[in-house]
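# with the input below, show me the fold.
(3 chains, ligands or ions: 6)
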Amino acid sequence: MSARDKVAELMAQYRAGFSLPGPLYYDGDLFDFEMKAIFGTQWLFACNECEVKEPGDYLTLELGRNSIIIVRDDNGEVQAFHNTCRHRGSRICQEHKGTVGRLVCPYHQWTYDLDGTLLSATQMPDDFDPRRYSLKPVHAANVAGLIYICLAENPPDLDHFKRTVTPYIAPHQPARTKVAFESVLIEKANWKLVIENNRECYHCAGNHPELLVSLVEAALPSDTRTHWFSELMKRKAGEWDALGLPHRPADGGIEFRCIRLPFNEGVTSMTMDGKPACKKLVGDLTERDLGSVRMFHVPNNWNHFLSDHIIHFRVLPRGPMETEVRTTWLVHEDAIEGWDYDVQRLAEVWQITNQQDQHLAEQNFLGVQSDAYEPGPYSPAGEFMILDFNRWYMSTMAEHLPPGAPGLRVAAE
Amino acid sequence: MSARDKVAELMAQYRAGFSLPGPLYYDGDLFDFEMKAIFGTQWLFACNECEVKEPGDYLTLELGRNSIIIVRDDNGEVQAFHNTCRHRGSRICQEHKGTVGRLVCPYHQWTYDLDGTLLSATQMPDDFDPRRYSLKPVHAANVAGLIYICLAENPPDLDHFKRTVTPYIAPHQPARTKVAFESVLIEKANWKLVIENNRECYHCAGNHPELLVSLVEAALPSDTRTHWFSELMKRKAGEWDALGLPHRPADGGIEFRCIRLPFNEGVTSMTMDGKPACKKLVGDLTERDLGSVRMFHVPNNWNHFLSDHIIHFRVLPRGPMETEVRTTWLVHEDAIEGWDYDVQRLAEVWQITNQQDQHLAEQNFLGVQSDAYEPGPYSPAGEFMILDFNRWYMSTMAEHLPPGAPGLRVAAE
Amino acid sequence: MSARDKVAELMAQYRAGFSLPGPLYYDGDLFDFEMKAIFGTQWLFACNECEVKEPGDYLTLELGRNSIIIVRDDNGEVQAFHNTCRHRGSRICQEHKGTVGRLVCPYHQWTYDLDGTLLSATQMPDDFDPRRYSLKPVHAANVAGLIYICLAENPPDLDHFKRTVTPYIAPHQPARTKVAFESVLIEKANWKLVIENNRECYHCAGNHPELLVSLVEAALPSDTRTHWFSELMKRKAGEWDALGLPHRPADGGIEFRCIRLPFNEGVTSMTMDGKPACKKLVGDLTERDLGSVRMFHVPNNWNHFLSDHIIHFRVLPRGPMETEVRTTWLVHEDAIEGWDYDVQRLAEVWQITNQQDQHLAEQNFLGVQSDAYEPGPYSPAGEFMILDFNRWYMSTMAEHLPPGAPGLRVAAE
Ligand code: FES
Ligand code: FES
Ligand code: FES
Ligand SMILES: [Fe+3]
Ligand SMILES: [Fe+3]
Ligand SMILES: [Fe+3]
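Ligands and ions are numbered 1, 2, ... in the order given. Below is the predicted model of the structure:
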């Protein structure tokens, strides 16, 4: 049985409304398929553009066995390349971040311009044509300061996303920030369980006391489960309308989600006490009590845009059993550490929350590997965003199945 | 070639009387097959019932990718369940042992009764039927205080074993003990090599000086290799008959072995000096010089029942290349540490012996992976119990081969 | 698709003059194939015979899952055996080196003579024929003191190599040395990338400042890229001819390389300052300024023979992703540490160089695993010896492909 047939059979076992069949979470062949069908085709969140502020600033990220360079070129554009030399394939940038004049391969010093062009390669014969050996480009897009990359030759449309979310996040001016703190967790869990964990707050009450100081569990303004939330939502909606800040759920379908939601009464930031994390607000904001814009984009990114800081989350699979979760906390580029903000105070809620979520995802991953595991029903009330994610996942995977494959029928449901 | 065909071919290479073909010790597909054909069908030793003394006391064990909960329910019965939540599959009990009122999944707090019934699940729709989401049960049986579990839907008969061995071990009253010490070794060896190592004392003379203070190498009362043993055996048999303690080899076929054998002259316990390990005897025993009941049950358990303590050994594969060996030393439940017994003194012989055996099994495992390894002949005198084990192993595996598979012929021989 | 078909397909993707297709560097099936087609058929460098000086002295080496014993027998011959007991397969020698009277298996004490004959096995039945259970032999050959082994039943010819290189290296009398220092690196890189790294000095200028104190990048006496080298070469050639030391490139085809080349002007040894590493010269040499004999033999060995010490490099794959590189520094057997030589000074250049090369090979290995990696062109001027190695590799692999396999055509080109 070919790997693709196997994937099609595994996918055929999926039932909408239920968690995925076990092997969809851990099978190695399925993972290889995903790396092509999902991570090889979709726009992936990479970083904030402020992380590569000046020409020559770069950072690298690793996606399975692939390494990507994000670098600002001499024209001030953010570019992305595969981090593998066109000579014999060595990694070129060997640090996670840095600043360079040119991209020089450490092995035999083949030297590339920041736009990927091969500038020099010694000891090569006269008929060697350097124009055929530029670094392999990766598409990069800038959405109000957030850099997304796409490894596909022909990336899917990003315009609808960009046009839709920009009004929500632009007031926070993500590009005019700096990284105050960064954390990288290597979770022993399949990436989809990391995403599922993020896509619901059904687990919050039992696990995230620190987060719930600020976060309201209601994921939609129309949530009527509690009276006080409806009241709060109505009041905040009025204030935000007055400020010209969009807040209603954006029309992202199953591709993305963007919404502004209030924090608990009296809370202005995601801190242990709900009080501000940074004196200086981001962008040109002057109001502190703005809740947060929550933005998610398949398959690997969610964010909080607050009045006084921004948090990006980036999920990258390292293999079927291991996932990197990178979190960056950003404040206004002119905010002064020690005066405007304290790193520990700024980052502690989500650091604790991330650790709690890591534990949950890892225990979930252990359990779904049991022979006795059987997909169980999601809560339509508490886990509807996972239903969306799974629908998106199945349909995106299905695009790479051969016509007539058993998994297609299921994905279409 | 399908995995089952491959297994059938590997099994066909087996020759009775010789150690197994190399891949039967390390092949990953064969291991997956074993997990179903052996560990998915057979009764497996789990623990002593005193380890889950009160309602709500639980322990967990891991068998390959499966985790099992052993818990005493509110009726005082020992029950076993798959440790995977019926919601999204999270592990429920995340510690090796503990005490709970109900089994509450840490992820979204689905709550199960100690009998596995789902008692509550919040945010689920009205048509959600909790009766369909009980924890998946695992069969549990109590053999004079020893808990065995079986993952099969229809477990094989355990009655013959239970009826046969109870008269041997009941006088030691295993249930009225407590764990004085526990050790867990993770051995880098296939589980079958761990069992083979245990099933012979051919290696004792060269490796176990501490054990041989007490242990007599003769495995059968009829062993006539040394005159002194015959004499000793005859005398001890008379004493045990007088006490009403059964000692002759039980009729366990290739499934189990149960026998009482004497220690070396003058030795009453498995200690470094052969002197008692615990002042208080187990059960209601009053005689100290009882040798030990040695009881083995395929595929994963052997035990020593002495006059002053009991030792259980439990073997659980973690993968084709790694095996967990758990040893528990139990004394009378009323024995007082520091007064009746000293943990160090109680456990040292088998701790050292286990380490020696771990090294032997690991070096054996390294060697059988060589391309030059060729199955060699067992000693009929020194290794006859391995011959039994292999016969059992081959025939049990063969039950899961398709009719006409090459491995069947071999297993039948 | 069978593993052999897969290998044939992977090999068919090779283009001469370009680095190998990615999977040829990391695919697990291909590696298994190599272990048979390359490491199971070829002569492999094992050690210097001085490392097993006296009868009973042994060392072990590990090649994938195989362990080999090199031992000097009672007749003073160096022998090699598979390190797996004929009883149940245990490793016999469990240390890297040692001295024994007989080869006694630690498990059940089966005892073998140093020539591999089984001398005793207790508890075996009367019809047990020990002559059928000798240790499985491995061919061993002695090339002027260097021990090569071959796991094949019918080893390829080694005579041409032996006859050709002996005049170059015999004056250094490798057998009359002792190991002054030994280093073992476990590199996270495929073994072929370790060899490729060694087969070119294109990377030296950018990475090996310490090595370039002594080493001249020119790999051939005919190298005319710099005038000073041509002049130096001409002068040294005259001196060496006068001393009767052969130096011209030996006719090793793609199987081996042997040549004497000068060091930089004024340099006599591979030290940080170019000055001697050992007062006492090797063999009966009296001249210090001899450059070094550089000798390479496929697939796993290169050496430097200097006037005052000898360096052997041995490469052994542990798996597709991991390679052991063992380096030994040898001095005259009568040289006195602290008086004639200082270990730190003797070994530091190649210790640093090895670490640099490890890093280069590892980064190369990371890069070739990228989906974006594409074989790139070798420099004909700087990397011609890799072209030779790849030609040898492809043709040797092809000998094990079925007639008509796609990889054959490519290998023949
Ligand atoms: S691999 Fe990059 S320059 Fe050679
Ligand atoms: S996974 Fe157990 S309650 Fe959700
Ligand atoms: S395995 Fe070597 S003597 Fe038994
Ligand atoms: Fe969470
Ligand atoms: Fe033992
Ligand atoms: Fe180098």
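# average model confidence for stretch A:279-288?
Averaged across stretch A:279-288, pLDDT comes to 97.
# ok, and for that stretch, which residues are buried?
Going by neighbour count (16 or more other CB atoms under 10 Å in any protein chain shown), the buried part of stretch A:279-288 is A:280-283, A:285. (C-beta placed from N, C-alpha, C; glycine too.)
# distance between the ends of that stretch?
10 Å (CA to CA, to the nearest Å).
# how close does the residue located most distally from the centre of chain A get to ligand 1?
Farthest-out residue of chain A from its mean C-alpha position, per CA atoms, centre = their mean: A:Asp126, at 45.5 Å. According to CB to the nearest ligand atom, to the nearest Å, A:Asp126 and ligand 1 sit 19 Å apart.
# for A:Phe229, same thing?
For A:Phe229, the distance to ligand 1 - CB to the nearest ligand atom - is 57 Å.
# can I assume that residue sits in a helix?
Yes. Counting by DSSP: H, G, I helix; E, B strand; the rest coil, A:Phe229 falls inside a helix.
# just to check, it is in contact with A:Leu215?
No. Checked against CB atoms under 8 Å, the pair A:Phe229 and A:Leu215 is beyond contact range at 11.9 Å.
# comparing those two, which residue is more hemmed in?
When A:Phe229 and A:Leu215 are compared for neighbours, A:Leu215 comes out ahead with 22 against 19, by other CB atoms under 10 Å in any protein chain shown.
# and the biggest helix by length in chain A, what does it pack onto?
Once chain A is assigned using DSSP state H, the helix that runs over the most residues is helix A:343-368. The contact analysis (3 or more CB pairs under 8 Å, 6 or more residues apart in numbering or on different chains; DSSP states H and E) places helix A:343-368 against helix A:23-26, strand A:177-187, helix A:191-198, helix A:204-207, strand A:322-332.
# buried residues of it, list them for me.
Neighbour-count burial for helix A:343-368 [16+ other CB under 10 Å]: A:345-351, A:353-354, A:356-368.
# for A:Cys376, give me its contacts.
One correction, residue A:376 is Gly, not Cys. A:18-19, B:85-89, B:133 (CB atoms under 8 Å, 6 or more residues apart in numbering or on different chains).
# rerun that using 6 Å as the cut-off
A:19, B:86-88 (CB atoms under 6 Å, 6 or more residues apart in numbering or on different chains).
# tell me the SS of whichever residue of the stretch 101-250 of chain A sits closest to chain C?
Here the stretch 101-250 of chain A gets closest to chain C at one residue, A:Gln123, 4.1 Å apart by CB to the nearest CB. Using three-state DSSP, the structure places A:Gln123 in coil.
# number of residues surrounding it?
15.
# what's the separation between the residue of the stretch 1-150 of chain A found nearest ligand 2 and A:Phe365?
Per CB to the nearest ligand atom, A:Ser19 is where the stretch 1-150 of chain A lies closest to ligand 2, at 8.2 Å. Going from A:Ser19 to A:Phe365 by CB to CB, to the nearest Å gives 12 Å.
# tell me the one of the contacts of A:Gly376 nearest A:Gly382?
B:His87 (10.5 Å; CB to CB).
# could you look up the SS state of the closest one?
coil.
# residue contacts, it?
B:His87 neighbours (CB under 6 Å, 6+ apart): A:376, B:108, B:110.
# grab the nearest non-local neighbour of the first one.
Okay, so that is A:Gly376. Spatial nearest neighbour of A:Gly376, excluding adjacent residues (CB to CB, 6 or more residues apart in numbering or on different chains): B:His87 at 4.6 Å.
# got a pLDDT number for the one you found?
98.
# how about the helices and strands packed on helix A:343-368 in TSV, adding mean pLDDT and distance to chain B?
Shown next, in TSV, are those (pLDDT from 0 to 100; distance: least, CB to the nearest CB, whole Å):
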stretch	mean pLDDT	distance to chain B
helix A:23-26	98	9
strand A:177-187	98	14
helix A:191-198	98	7
helix A:204-207	98	5
strand A:322-332	98	16
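# out of these, which one sits most buried?
helix A:191-198 (a mean of 24; mean count of other CB atoms under 10 Å in any protein chain shown).
# rewinding a little: against C:Asp73, how distant is the residue of the stretch 101-250 of chain A closest to chain C?
Counting by CB to CB, the gap from A:Gln123 to C:Asp73 is 50 Å.
# contacting residues for the residue of the stretch 1-150 of chain A closest to ligand 2?
A:Ser19 touches A:375-376, B:88, counting by CB under 6 Å, 6+ apart.
# what do you get if the cut-off is 8 Å, keeping everything else the same?
A:196, A:368, A:375-376, A:378, B:87-89.
# filter these down to the ones near ligand 2?
B:87-88 (CB under 6 Å from any ligand atom).
# quick one: which of the contacts of A:Ser19 is nearest B:Arg176?
B:Gly89 (38.2 Å).
# angles on the backbone of the most centrally placed residue in chain A, please.
Nearest to the mean C-alpha position of chain A, counting by CA atoms, centre = their mean, stands A:Asn301 at 1.8 Å. Here is the backbone geometry of A:Asn301 (degrees, to the nearest 10): phi -150, psi 130.
# for it, list each beta-bridge partner.
Beta bridges link A:Asn301 to A:His297, A:Arg314 when assigned by DSSP bridges.
# any idea how far A:Leu151 is from it?
15 Å.
# now do A:Val410
For A:Val410, the distance to A:Leu151 - CB to CB - is 26 Å.
# looking only at neighbour counts, state which of those two leads.
Counted by other CB under 10 Å, A:Val410 and A:Leu151 do not tie: A:Leu151 has more neighbours, with 24 against 17.
# and the gap between that one and ligand 1?
From A:Leu151 to ligand 1 the distance is 21 Å (CB to the nearest ligand atom).
# same deal with A:Tyr107?
With CB to the nearest ligand atom as the criterion, A:Tyr107 and ligand 1 are 4 Å apart.
# residue contacts, that residue?
Here A:Tyr107 is in contact with A:85, A:87-88, A:90, C:203, C:206-207, C:360, C:363-364 (CB under 8 Å, 6+ apart).
# quick revisit: include distance to A:Met385, secondary structure and pLDDT when you put the contacts of B:His87 into TSV, please.
Converted to TSV, the contacts of B:His87 look like this (distance: CB to CB, whole Å; DSSP: H, G, I helix; E, B strand; the rest coil; pLDDT from 0 to 100):
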residue	distance to A:Met385	secondary structure	pLDDT
A:Gly376	17	coil	98
B:His108	14	coil	98
B:Trp110	19	coil	98
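# returning to that earlier point: send me the following helix or strand past the longest helix of chain A as PDB with only the CA atoms.
Remark: after helix A:343-368, the chain's next helix or strand is helix A:384-398, criterion DSSP states H and E. Backbone C-alpha positions of helix A:384-398 (Å, rounded to 0.1, in the frame of the first residue of the first chain) are rendered in PDB as follows:
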ATOM      1  CA  PHE A 384     -16.900  24.600  17.900                       C
ATOM      2  CA  MET A 385     -13.700  26.200  16.700                       C
ATOM      3  CA  ILE A 386     -12.100  22.700  16.700                       C
ATOM      4  CA  LEU A 387     -14.900  21.600  14.400                       C
ATOM      5  CA  ASP A 388     -13.900  24.400  12.100                       C
ATOM      6  CA  PHE A 389     -10.200  23.500  12.300                       C
ATOM      7  CA  ASN A 390     -10.900  19.900  11.600                       C
ATOM      8  CA  ARG A 391     -13.100  20.700   8.600                       C
ATOM      9  CA  TRP A 392     -10.400  22.900   7.200                       C
ATOM     10  CA  TYR A 393      -7.700  20.300   7.900                       C
ATOM     11  CA  MET A 394      -9.600  17.500   6.200                       C
ATOM     12  CA  SER A 395     -10.500  19.500   3.100                       C
ATOM     13  CA  THR A 396      -7.000  20.800   2.700                       C
ATOM     14  CA  MET A 397      -5.500  17.300   3.000                       C
ATOM     15  CA  ALA A 398      -8.200  16.000   0.600                       C
END
